[in-house]
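Q: Model the following, please.
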Amino acid sequence: MTQTRRILIISLVLLVAALAIAAGVFISQRNADPFKGDAVTDAPFPSLTYALQAFLWWDEGQVGTHLDWVRLVGFNTVKQNFPWRDLEPEPGQWDFSRSDLVVERVERRDLYLVARLGQTPDWAHSSASTSDIHVDSPPDDLADWANYCGTVAAHYKGRIRAYQVWNEPNLSREWGDQPPDPAAYVEMLSVCSKAIRIADPDAIVISAGLSPTGNNDAIAMRDDLYLQALYDANFQQFVDVVGVHAPGYNEPEYGPDDAEQNGEGRWFSFRRVEDLRKIMVANDDAARQMAILEFGWTTDTTNPDYSWFSVTEEQQADYIVRAYTYALENWSPWVGLMTLIYLPDPHWTDADEESWWAIVAPDGRVREAFSAIASMPKTCGTVTLPYRRRGHPEFNGSEPPRTCP
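A: Sure thing, here's the model as predicted:
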C-alpha cells in the first residue's frame, strides 16, 4: 500500500469518526431535556399529587360532601385557605375553632392538607386601599406575620403537609393596591418560612403562586419577571417548592411558542409554566420541584373579563383530563403537586367569576369535568389508578373509592 493511499484511508476514517461524533452530539442536544427533570432526586411531592382547592371554612352543610368528593374522584390532597384575619382577629387573640374542624375532617378521610397563609387582619396593616377588588395587604410588622405563621404551624405540627405562603403577590390587588414588590415579598417569605421550619420541620414550604399576566406596571408584574426577581433576592433558600399558577386559555397542548407565533403573550397558555421552569434551571435550581397551586378552565359566559376565553363544559372536562396527561408525559418529576380549581364556596353565585372555574356549580349541579376526572386514570408516583367507567361500583357507593396513597 502506498503512503498516499494510507494517508487517504486514515483521513477517511478520521472524517467518518468526526461525523459520527458530531451526529451524536447533535442527537444528544436535540433530545436533551430543557427542563432538567433528572435533577429532581428528592421530590417533596410524588409526581403527580392530585389536589382540589376547596372552601371548608364556613360549613353550610357542604363540607362533608365536598371532602367525600375529593376521595370519590381519586384525589388525595385538599387545599384550603387559613385566613390570618379569622385565626387572630385581634392581636394575641387566637381562634382555632373553625380550622380545627377543617383539619379533623380532612384527617378523618385520610387526605393530605395544603394550607394557604395570608389574608391579613385590619389591625396588622395600615393600607389605605379603597379598591373594590382589593384582596390582601402585606403586614406592617413582619414580627406579627412571622408569629402567625409559626403559631399555625406549631398548633398543627405533623397534621398539615404543606404551607403556601401568600397568593399572587405579582398583582397589586393582592399587595394592598401597591405596586408589586418582589424583594418585600421575599422578606415576608423569609420570616414565615423560618417560623414554620422551627415549629414543624417536616412541613413543606411553597412560595406563592404567581398569576400569569401580560401587564408589567403598577397594577401587575409579569410572572416571569417576578420569578427572576425572586431569584435575584435568593428566595429559594426559604422554600422547598416553587409555586406557580396555570390557568388554561386554549387547549392544554398549546404552548408559549404557539401563543407568541399567533401574536399573543407567552403567558396565554397552560404551558406557561415551562417558561418559569426554564428560569429555575437558568438559576441553578433544577433540583427543586414546582407546584401548580391553581389550574383549570373557566366556562364563564357572564363576566366580560373572563368570557372572552371561556370554554364549554364539555371542553372544560376534556381539557382538564388532557392537561393531566400532558403533565405526566412532559413534566414529571419536576411538577409534583397539581391543584385543580375549585370545589365551590357555598356563598358563590353565577355573578362570582370563580364559580365558573369550579367542577361543581354553585347550586350543587355536578359539571362534566367532575365525572371526567373521576374516571380518568391517575399516576401518583409509583402507583397507578386505572380508568373507571361512569357506572363503576365505586361511584354508586357499592365499593370504597380508590385514591392515590
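
Q: and the closest residue in space to Glu353 that isn't next to it in sequence, how many residues sit next to it?
A: Nearest residue to Glu353, sequence neighbours excluded (C-beta to C-beta, 6 or more residues apart in numbering): Asn303, at 4.6 Å. Bear in mind the C-beta positions are built from the backbone N, C-alpha and C, glycine included. Number of residues near Asn303 (other C-beta atoms under 10 Å) recorded here: 17.

Q: how far away is Asn303 from Ser355?
A: Noted for Asn303: a distance of 10 Å to Ser355, by C-beta to C-beta, to the nearest Å.

Q: What segments of the stretch 1-150 of the chain are helices?
A: Per DSSP state H, counting those that start in this stretch, the stretch 1-150 of the chain carries helices over the ranges 3-31, 63-72, 84-87, 97-108, 142-155.

Q: Compare the mean pLDDT across the ones you listed and name the weakest.
A: Across those, helix 3-31 has the smallest mean pLDDT, namely a mean of 50.

Q: quick one: low-confidence parts of the stretch 51-200 of the chain?
A: 128-134 (pLDDT under 70).

Q: Do I have it right that Val157 meets Asp200?
A: Let me fix one detail, which is that residue 157 is Lys and not Val. Yes: using C-beta atoms under 8 Å, Lys157 is in contact with Asp200, at 4.4 Å.

Q: Specify which residue of the two has the higher count of neighbours.
A: The neighbour count for Lys157 versus Asp200, taken as other C-beta under 10 Å, is higher for Asp200 (21 against 13).

Q: Hmm, that one is touching His155, no?
A: No: the criterion here is C-beta under 8 Å, and Asp200 misses it with His155 at 9.5 Å.

Q: And for the helix or strand harbouring Thr325, what's in contact with it?
A: Thr325 is located in helix 313-330, with elements delineated by DSSP states H and E. Outside of helix 313-330, the residues within contact range by C-beta atoms under 8 Å, 6 or more residues apart in numbering are 47-48, 50, 248, 251-253, 270-271, 292, 295-299, 311, 335, 338, 340, 359, 367-369, 371-373, 376, 378-379.

Q: Confirm that Val165 sits in a strand.
A: Yes: assessed with DSSP: H, G, I helix; E, B strand; the rest coil, Val165 lies in a strand.

Q: what's the spacing between it and Gln316?
A: Val165 is 29 Å from Gln316, by C-beta to C-beta.

Q: Asp363 too?
A: Using C-beta to C-beta, one gets 17 Å for the distance from Asp363 to Gln316.

Q: How about Glu260?
A: Counting by C-beta to C-beta, the separation of Glu260 from Gln316 is 25 Å.

Q: any idea what Val205 is structurally, helix, strand or coil?
A: From three-state DSSP, the assignment for Val205 is strand.

Q: partners of it in the sheet?
A: Note on Val205: beta-bridge partners Tyr163, judged by DSSP bridges.

Q: and if you look at the one 4 residues further on?
A: In this entry, Gly209 is beta-bridged to Asn167, by DSSP bridges.

Q: average pLDDT across stretch 339-355?
A: Across stretch 339-355, the average pLDDT comes to 94.

Q: got the buried residues for that stretch?
A: Of the residues in stretch 339-355, 339-346, 348, 352, 354-355 count as buried by neighbour count, 16 or more other C-beta atoms under 10 Å.

Q: of all the residues you listed, which comes closest to Pro89?
A: Pro89 has its nearest neighbour among these in Asp345, at 20.2 Å by C-beta to C-beta.

Q: How about the secondary structure of that closest one?
A: Of the three states, Asp345 takes coil according to three-state DSSP.

Q: for the nearest residue to Asn81 once chain neighbours are set aside, which residues make a bridge with it?
A: Distance criterion C-beta to C-beta, 6+ apart; nearest residue to Asn81, sequence neighbours excluded, is Arg116 at 4.8 Å. Arg116 has these beta-bridge partners by DSSP bridges: Asn81, Gln164.

Q: how about Trp348, what does it touch?
A: By C-beta under 8 Å, 6+ apart, the residues touching Trp348 are 354-355, 358, 362.

Q: whoops, Asn81 was the one
A: 55, 57, 115-116, 118-119.

Q: distance between stretch 356-369 and the chain's centre?
A: Averaged C-alpha coordinates place stretch 356-369 at 20 Å from its chain's average position (C-alpha atoms, centre = their mean, to the nearest Å).

Q: Could you pull out the buried residues of it?
A: Neighbour-count burial for stretch 356-369 flags 356-362, 367-369 (criterion: 16+ other C-beta under 10 Å).

Q: just stretch 321-330 next, same as before
A: Under the neighbour-count rule (16+ other C-beta under 10 Å), stretch 321-330 has 321-324, 326-328 buried.

Q: now those residues as TSV including pLDDT and distance to Arg85?
A: Converted to TSV, the buried residues of stretch 321-330 look like this (pLDDT from 0 to 100; distance: C-beta to C-beta, whole Å):
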residue	pLDDT	distance to Arg85
Val321	98	37
Arg322	98	38
Ala323	98	33
Tyr324	98	34
Tyr326	98	38
Ala327	98	34
Leu328	97	38
